[in-house]
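Participant: A predicted structure for the sequence below; I have some questions about it.
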Amino acid sequence: MTVAVEYYVLLSMGLFCIGLFGVLTRRNALMFLMSVELMLNAANINLIAFSFYHGNLTGQVFALFTMALAAAEVAVGLGIILVLYRNFRDVDVTVPTTMRW
Amino acid sequence: MMIEVLIAVALVGALVTFVAPNRIAGKLAFAISLVPAVLSLWMFTAFDGSGNALLEGTLAFESHYEWLQLGEYSISWFVGLDGISIPLVVLTTILVSLAIMSSWTPIDDRESQFYGLVLFIEANLIGVFAALDFFLWFIFWEAVLIPMYLLIGIWGGPRRKYAAIKFFVYTNVASLVMFGAFIALVFGLGDSVTSFALPEIATAMLEGGPDGFLGLEGTTLTSVVFVAMFLGFAVKVPVVPFHTWLPDAHVEAPTPASVLLAGVLLKMGTYALLRFNFTMFPGQVETYAVPIAAIAVISVIYGAMLALAQTDLKRIVAYSSVSSMGYVILGLIAYTQFGVGGATFQMVSHGFISGLMFMAVGVIYNATHTRLVTDMSGMADRMPVAVGILIAGAFGYMGLPLMSGFYGEFTIFFGAFQADFAYAPLFTSLAMFGIVIVAGYLLFALQRTVFGPYELETDYEVSRAPLHDVVPMFVLLGIIILLGVAPDLIFEMITDAVDPILNGGEL
Amino acid sequence: MVGGVPPLPLQSDTVLLPERIGKLTGLDQFGLGGELLATFLAAFIVGNIMLAMTGVAGPWAKRKITAAFTDRIAVNRLGPAGLLIIVADSVRLLSKELIVPEHADRPAYDLAPIVIASSALLGFAVIPMGSGIHLADPEVGLVYVFAVAGIASIGLMMAGYSSANKYSMLGGLRAVAQNIAYEIPLVVTGMSVVIFAGTLQMSAIVEAQAQTLVSLGGLDIPAWYALVNPFAFVLFLVANFAEVGRNPFDTPEAPTEIVAGYQTEYSSVYFVLIYLGEFIHIFLGGAIIATIFLGGPAGPGPDGLGIVWFIIKIWGVFFLTQWLRSAIPRVRIDQLIEIGWKGLLVLSFANLVITAVIVGLIA
Amino acid sequence: MNDWIAIGALALVGLLIPLGMMAVSYLLRPSVPETSKRATYESGEVPTGGTRIRFNIQYYMVALLFLVFDIETVLLFPWAVVYLDAVESDAVSLLEILGPMLLFVAILMVGLAWAWRNGAVQWAQTPRQLASGDDRQ
Amino acid sequence: MAVLELPEWAALAPALIMVATALALFVFDSVSPRSTNRSLLAGTAAGGALASLAVAVWYTAAGVGTPTIDGGRGEIEPIHGLVVDQLALYFMIVVAIVTALIAVASYDYLAGHTYQAEYYSLVMLAASGMSLMAAANSLVTIFIALELASLPSYALVAILKDNRGSVEAGLKYFLIGALSSAIFLYGISLVYGATGHLYLADIAAVLEAGDADGFGGLLGLGILMLIGGFAYKTASVPFHFWAPEAYEGAPAPISAFLSSASKAAGFVIAFRVFTTAFPLEATQELIGIDWTIAFVILAIATMTIGNFAAATQTNVKRMLAYSSIGHAGYALIGLAGLTADGGDLVMGAAMMHLLVYGFMNTGAFLFVALAEHWGVGRTFEDYNGLSAQAPVACAALVVFMFSLAGVPPFAGFWSKYFLFTGAISIGTTAMLAVAAALVVNSALSLYYYSRLVKAVLIEDPLSDRGALDQPTGLYAALIVAAVMTVALLAGFGPIAEAATDAAAAALA
């Protein structure tokens, strides 16, 4: 009862596109972060599905690393969003425009 | 190793001066600049080369080291002097020393930087005249621009920014055109060259020329490159119609910068023309002789006419430089021993004479703070020595016998009459007419400013020029007369180096 | 490069509950649908065992135990030993009016109790309870248990934030801060067990503990990891108490500070669900401890007694929890966090490293 | 039968039980709407202000720390699983199997030590620390 | 040849030294938090970077990782996925140089700053990541090293937490960075899907054996996404738009660090991935298009957009940021010019350019750091007439500006010229277009670079400013960078040789 790899790719592409859509439309930095997480997880789905398909474990192991890196990225990102809030009283990514003149 | 020492002394001197306190910078720079001057004079006496550096001949003070490898081509540190370049090196070193001394009065701001830049220019000028590898030469060539741009831009007159930018843009675009053309030529030469050493390229050019590049036939490529390089150097010379940067640069530049600009930088253009266009492309020289001669004559006449219309002393001298460089081009295109040799001689001679003229104008300006002919008269009353030298310089410009100007112009005309391109005598005659105009405007200006009752339309009191302003002028005057009396001092070695060019590479 | 399935690690030969039920009821003859039905039945059984246990534990056992410790009399009117209080309480709570605070964030407010209750229940899927009651046995069992147990934090946070009450908010935050502070020591200590067992599969971990550690005069002492590595056992116990939010780590709902923490604004059936969820959580913690440290359903007597031994062990842990509740004062929030990050975390990593070194040297 | 189907079934049960209870309760419970009932509870006082309060920054600090540490443990699990097998086989030396993990944990510990010393896991500052004028938050 | 025999893992020493330094700084900060012993911290960081540099140079000189005489590739692979060869060592040198300069310059820039130790350790961590990027030859290690370099960079950009510009820059850098790393990762997953491998050589083997037939679409999309990731790291079109904001808002030494070292590191993985994993012919057969086309387009677009935008700026730092985009376009020529049977000259030229760029661009940003240290302002006008008060620094600036423009007599001339000839020598129409774009853009760049020179040297100051101090560290870094920019002109031979050899070895 295995699912063909194509469906996993479709799933991951769907997830990736949702994430991308979120990235492009959301103005809240936290939503942006979540959207990026979606995209990363889309890649993870691919890695694991193809790992199963190709019969080697490389992809799965890499997916573990990816999760760790994603977490680290979020940690740094939250820190930045925190100072962003301290400075701008908002987490809307379109608010900081000091450098546009 | 002597050339390296010359350059190194100037470079290190530039650095030392740059960080020295302003107070002593002028004296320090002068002291340092004496080293290359003396050294180059010694090299001049010890000169043992013969023939042309690019063709047949033995080089003096040659040194050649591998530098780097670019694909199939090697680039090297390759310097050496022949009969054409050593007088120019001597001209450079002497003129720089004297220019530094003559700056003591006018330069009173950020002196250490000023003198540092002047010494830096000297190093690169020596490099330009000594380099025999294209890249080495090009680096020195371009490196002259930056300090000159800064000299004009920082210490210049009221419109210095405009003048500096104009100078920089004109000469840089010209360099780019020339550079691209030459690279295309080298690539076109294909396997027959393996380095950017000029002698090797010159030999390859004379032995067959390029095979074609970027879809251009070999002969077309040669012509295109010749024209592009001619245009590139013509801006530097400058010839009409690329001359407009020159008066601006001269007028705005501080006196020492003008001295160097007119005395040496313009010669870079004619020197490069001689080294590249007139050495490597004998066929094209023949083909394009008439238009080039026409340009030369137009430069002579038009430059002189423009000078006639000026009231600013510096502008007068500047335009007359355009006119004088026209003679040099005419001599080169004549392609005879006297023509090319005379042109080379004229480069040196004009270097000294224009340097002298700019110094003299500078001294007057220091005293009166005006350069307008209409603003003053009777200067001879107040500063007899300086004015006397100015008059002497003017005579030199006009080509008075026993001055170097006479010999230079005379040989050029002599050579040009012998030239075998069409209408050569006509062109020569027209150019000779230029002398009349030169005499006209110089005498007119002198008569207005120097003679008559003393009168000055500024608030400045005029007194005798200080000694350190006058000494350089005396030295220059001495050299001018010396070369006028004994032209063979350099003319022999020049012809020795020119002959291979005219003989198609044979000594 | 046509894909092939990689060789799977050896499947343990334990027969799982769904298959047993399938065989027992004959549902396995009806293809996929039958199998699904059997599985659902099995899940239903497991779910109800837990519900029954918490039903007993919550309203009755807790009071009885606490009363015993504090020398009081607890429920004793309804039924034998007051056991019928369970029924009474459930009817009472279910029929109470549901009061939703004014500014509550409804979706989160409604979802939170369900998340809290069902996440704890999910963990039992992979616990081998003995007597063949074992729903699923994936290779990653241990990680799975830790993962689903962690879901509860989200529920607590949701409950705390959606109630629009400052006490709730603080309680939710405290709950999460505490959960995450002790999650890492918990997991890392669990990892030291994995080093012994060399697998994450729950049944295999239990099997590994069946070996004999030492023989004392004919009495075989099994290699329960609580005995092999008591240090890890203690660490795990402590971390577990914090995970389930019981004394001395009950700061998230500390009644004297923030009323009832995240559950302040919950009433009626929602309160029941949260309350149930907490108790299921305690039992899940007990089940994990029992499985990875106390040999799971192992015990003297026939295999059929497994479930009995297992329940005894779970109740043992529950008893200990209530004991501590009566015996130890609550720690302050700052102490709580610092014990977690500066104490347990370091100790757990030390335990991991030492375990690894010892295992490496012995083997 | 796949393990995960069983787990899914339990999830379904886990969802159905609460929902069932809610349904029962819905049928049993009375509903007497009254405004003051719905006011949030603040120990009998009239509630002031919203719940969007600024709370201690340390909550964020430990959350960030957790995020990193917890995920790092994920990287340790595979190692822990294969450790015994690797030790028992003679293919790799003990140092080779133990060394990387020790290094990993050591680096993690350096991180923890840094966070510790810089007050990331310190819940409240003592007056002395406050007096030192550092506004680390 | 090296006299002493080192164990294999020691080949990674340049990167390991960076890691060790970063950890040492963290330990130091743990022992004595909030220390402001600037000399010790900056000294440790600079010492670590210099040690890394020395080791890398020593290895290069000793011929570590050079192809052996008997035809072996000669590279050392201490850990599967990390390889030490000439390419790796070359870029480790670049990274170490920039890091050392930054560490020294930050000594003054950070005076009075709270997070001294954190700053340096983050710099060193990012540098470790970049060093490892140079050595990574598996998509796994590449991605991890990439993130190791990126994450500290995000924090570094935003480290002036009370400066709104810095925070904004950090946010934008982070957001685009997170997005692009997600895209990059997805690209990796697609490539893995198509080939079943993450190790670059294995990917190539699969492609060449034709085992990935039928996966052309996945592979093509994957490669496209990988290019997106590189574009971000190298600040090239289409992921360049973070660069001006991030460079402008970040502390100037960090801008220098990112625009020089980070860019170089981005290029090394691009070089390695595309030369090792995707052999031109096999890939073209599979996805139906030559991937160099993509780089041709990107190169022209990047240099043109960068230079034109730079020409319109009024803010110096922003001008430098855009010019840095332009230079990414120049370096992209190295990838655009690869052909099935060559291209080592053009790739080598791109590598040379990146090394020279490491000095001249770092120097230029450090001058901005100096200006920020003085507090003179940010626009060209604010810089007017600085040379009267700080002649030496301004002389250095002149060197950097003209070198960036590619004017002799500075090292930037050589690298640009090599790029030009390299492009010409490939001879295809596309490469001729690239060469033409290079020339046009260089000429344009001279305009805005000389504008800064003009402001500093020629213009008169808008208002009187007090005496300017001469911070030792910044001056030292500035002067070293300037001297090297000039000295490399003469000493270009070894660099050119090292770069072309490394490129040839990578392409072999």
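Facilitator: All right, it came through fine.

Participant: ok, and the closest non-adjacent residue to residue B:263?
Facilitator: Of all residues not flanking residue B:263 in the chain, residue B:355 sits nearest, at 3.9 Å (C-beta to C-beta, 6 or more residues apart in numbering or on different chains). From N, CA and C alone the C-beta is placed, and that goes for glycine too.

Participant: wait, the one you found touches residue B:96, no?
Facilitator: No: look at residue B:355 against residue B:96 with C-beta atoms under 8 Å: they stay out of range, at 10.0 Å.

Participant: helix or strand with the lowest mean pLDDT in chain B?
Facilitator: strand B:212-213 (a mean of 74; mean pLDDT, DSSP states H and E).

Participant: what is that one packed up against?
Facilitator: helix B:160-189, helix B:218-236 (3 or more C-beta pairs under 8 Å, 6 or more residues apart in numbering or on different chains; DSSP states H and E).

Participant: okay if I get the ones you listed as JSON lines plus distance to residue E:150, mean pLDDT and mean neighbour count?
Facilitator: Putting the helices and strands packed on strand B:212-213 into JSON lines (distance: least, C-beta to C-beta, whole Å; pLDDT from 0 to 100; neighbours: other C-beta atoms under 10 Å in any protein chain shown) gives the following:
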{"stretch": "helix B:160-189", "distance to residue E:150": "39", "mean pLDDT": "87", "mean neighbour count": "21"}
{"stretch": "helix B:218-236", "distance to residue E:150": "47", "mean pLDDT": "89", "mean neighbour count": "21"}
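
Participant: and for the least confident helix or strand of chain B, what are the contacting residues?
Facilitator: B:184, B:185, B:187, B:188, B:218, B:220, B:221 (C-beta atoms under 8 Å, 6 or more residues apart in numbering or on different chains).

Participant: which of those residues lies closest to chain E?
Facilitator: residue B:187 (6.8 Å; C-beta to the nearest C-beta).

Participant: pLDDT weak spots in the chain?
Facilitator: All of this is about chain A. Residues of chain A meeting the criterion pLDDT under 70: A:1-2, A:98-101.

Participant: try chain E instead
Facilitator: Ranges of chain E meeting pLDDT under 70: E:1-4, E:69-73.

Participant: got the domain ranges for it?
Facilitator: E:1-289, E:291-508 (automatic domain parsing).

Participant: if we can go back for a sec, residues contacting the residue nearest to residue B:263?
Facilitator: B:95, B:98, B:99, B:259, B:262, B:263, B:476.

Participant: is it part of a helix or strand, or is it coil?
Facilitator: helix (DSSP: H, G, I helix; E, B strand; the rest coil).

Participant: re earlier: could you dump the contacts of residue B:355 to a markdown table with secondary structure, neighbour count and pLDDT?
Facilitator: Below are the contacts of residue B:355 laid out as a markdown table (DSSP: H, G, I helix; E, B strand; the rest coil; neighbours: other C-beta atoms under 10 Å in any protein chain shown; pLDDT from 0 to 100):
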| residue | secondary structure | neighbour count | pLDDT |
| --- | --- | --- | --- |
| B:95 | helix | 29 | 92 |
| B:98 | helix | 27 | 92 |
| B:99 | helix | 28 | 91 |
| B:259 | helix | 29 | 89 |
| B:262 | helix | 29 | 87 |
| B:263 | helix | 31 | 88 |
| B:476 | helix | 29 | 91 |
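
Participant: closest one of those residues to residue D:77?
Facilitator: residue B:99 (78.9 Å; C-beta to C-beta).

Participant: what does chain D put close to chain A?
Facilitator: Within chain D, the residues that sit near chain A (C-beta under 8 Å from any C-beta of the partner chain) are D:2, D:60, D:63, D:64, D:67, D:68, D:70, D:71, D:72, D:74, D:75, D:78.

Participant: report how many residues lie close to the second one.
Facilitator: What that stands for is residue D:60. 16 (other C-beta atoms under 10 Å in any protein chain shown).

Participant: shouldn't it be within a strand?
Facilitator: No: judged by three-state DSSP, residue D:60 forms no part of a strand; its state is helix.

Participant: which ones are touching it?
Facilitator: Residues in contact with residue D:60, defined by C-beta under 8 Å, 6+ apart, are A:78, A:82.

Participant: go through the domains of chain E and name the closest to residue B:60.
Facilitator: Of the domains of chain E, nearest to residue B:60 by C-beta to C-beta is domain E:291-508, at 23.6 Å.

Participant: buried residues, the strand or helix carrying residue E:308. List them.
Facilitator: Residue E:308 is part of helix E:291-311 when elements are defined by DSSP states H and E. By neighbour count on 16 or more other C-beta atoms under 10 Å in any protein chain shown, the buried set for helix E:291-311 is E:291-292, E:294-296, E:298-307, E:309-311.

Participant: for residue C:309, what are its contacts?
Facilitator: C:130, C:297, C:298, C:299, C:301.

Participant: go with 7 Å
Facilitator: C:130, C:297, C:298, C:299 (C-beta atoms under 7 Å, 6 or more residues apart in numbering or on different chains).

Participant: for PyMOL, what selects the buried ones among the residues you listed?
Facilitator: To isolate the buried members of the contacts of residue C:309 in PyMOL, using 16+ other C-beta under 10 Å:
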select buried, chain C and resi 130+297+298+299
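
Participant: possible to save the contacts of residue C:309 as TSV with distance to chain E?
Facilitator: Output for the contacts of residue C:309, formatted as TSV (distance: C-beta to the nearest C-beta, whole Å):
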residue	distance to chain E
C:130	43
C:297	42
C:298	42
C:299	46
